[in-house]
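Participant: sharing a model that was predicted from the sequence below.
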Amino acid sequence: MSRPAAQLRDLLSAVRLGRTPVEPSPKPWNLAGVAGWLVEISGAGATAAFTLAMGLVLEAQRQGEPVAWVTTTESSFYPPDAAEGGVDLDALAVIRVPDARAVARAAERLTRSGAFGLVVLDLGATEVPTPLQARLAGLAQKHRAALVCLTEKASTTPSLGSLVSLRVQAQRRRVSEDRFACELSVLKDKRRGPTWSHTEMHHGPAGLR
């Protein structure tokens, strides 16, 4: 039986028995699943953090949500790879600031405007002061925006702070000559608990094939 047919069967059964039907849970790693949250994607060395963040960018653009990517002048994603993956670079607002300490401050201004459904913060190894984290978390909730922080940390290293609602560790694993499994391991999830994982299959960019 197909999944839609099974869901319809369960719905009709619940109605007959007088129960309130339970809606199927959405996938945790998507724009709706992280909207209103302060999220941290951490990783050390060659990880899949940028790839998995770009998946959210692509989804947001397909839904008509404006997206901002805040980074320093010394760090960035590789635009040709993003474009090859379907991201509309002309519609992606990329904000470059002098250093990583200014990334979170710029993201606060962008989120406060209420204009962006997704803001990605490329923080590297830089920490964010707790008061600024509190403002970011509050603004994310107020505007139902997803704030996704990319950090360079091992899984054993503490997260940005207690105000992070979801922290995942990103890694990539070669499965064939030109294909990689990009995986998320959940380290903290205030809503669901660390009970799920996420994997995406991607072709490697030209330099990894």
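Facilitator: Sure thing, it's come through. Since the model is a prediction, treat every value here as computed from it, not as a measurement.

Participant: so residue 124 makes contact with residue 153?
Facilitator: No. The criterion here is Cβ atoms under 8 Å, and residue 124 misses it with residue 153 at 9.6 Å. To be clear about C-beta, it is placed using only N, CA and C from the backbone, and glycine gets the same treatment.

Participant: could you check which of the two is surrounded by more residues?
Facilitator: Shown here are residue 124 and residue 153; by other Cβ atoms under 10 Å, residue 153 has more neighbours (20 against 16).

Participant: could you pull out the helices for this structure?
Facilitator: 3-16, 31-34, 49-62, 79-84, 101-112, 130-143 (DSSP state H).

Participant: and among those, the most buried is which?
Facilitator: Mean neighbour count (mean count of other Cβ atoms under 10 Å) peaks for helix 49-62 among the helices of the chain, with a mean of 21.

Participant: so which residues make contact with it?
Facilitator: With Cβ atoms under 8 Å, 6 or more residues apart in numbering as the test, helix 49-62 has contacts from 29-31, 34, 41-43, 66-67, 69, 77, 82, 85-88, 91-92, 117-118, 120, 146, 148, 150, 170, 172, 182, 184, 198, 200, 202.

Participant: what do you get if the cut-off is 7 Å, keeping everything else the same?
Facilitator: Here helix 49-62 makes contact (Cβ atoms under 7 Å, 6 or more residues apart in numbering) with 30-31, 41, 43, 67, 77, 82, 85-88, 91-92, 117-118, 120, 146, 148, 150, 170, 182, 184, 200, 202.

Participant: and the residues you listed, which are buried?
Facilitator: 31, 41, 43, 67, 77, 82, 87, 92, 117-118, 120, 146, 148, 150, 170, 182, 184, 202 (16 or more other Cβ atoms under 10 Å).

Participant: in strands, which of those residues fall?
Facilitator: Judged by DSSP state E, those include 41, 43, 67, 92, 118, 120, 146, 148, 150, 170, 182, 184, 202 as members of strands.

Participant: identify the bridge partners of the third one.
Facilitator: The bridge-partner assignment for residue 67, based on DSSP bridges, gives residue 92, residue 118.

Participant: tell me who's in contact with it.
Facilitator: 57, 60-61, 92-93, 116-118.

Participant: the same query, at a cut-off of 8 Å, please.
Facilitator: Contacts of residue 67 by Cβ under 8 Å, 6+ apart are 57, 60-61, 91-93, 116-120.

Participant: what about residue 160, neighbour count?
Facilitator: With other Cβ under 10 Å as criterion, residue 160 counts 23.

Participant: residue 130 is in contact with that one, correct?
Facilitator: No. Using Cβ under 8 Å, residue 160 makes no contact with residue 130, being 9.1 Å away.

Participant: what touches both of these two?
Facilitator: By Cβ under 8 Å, 6+ apart, no residue touches both residue 160 and residue 130.
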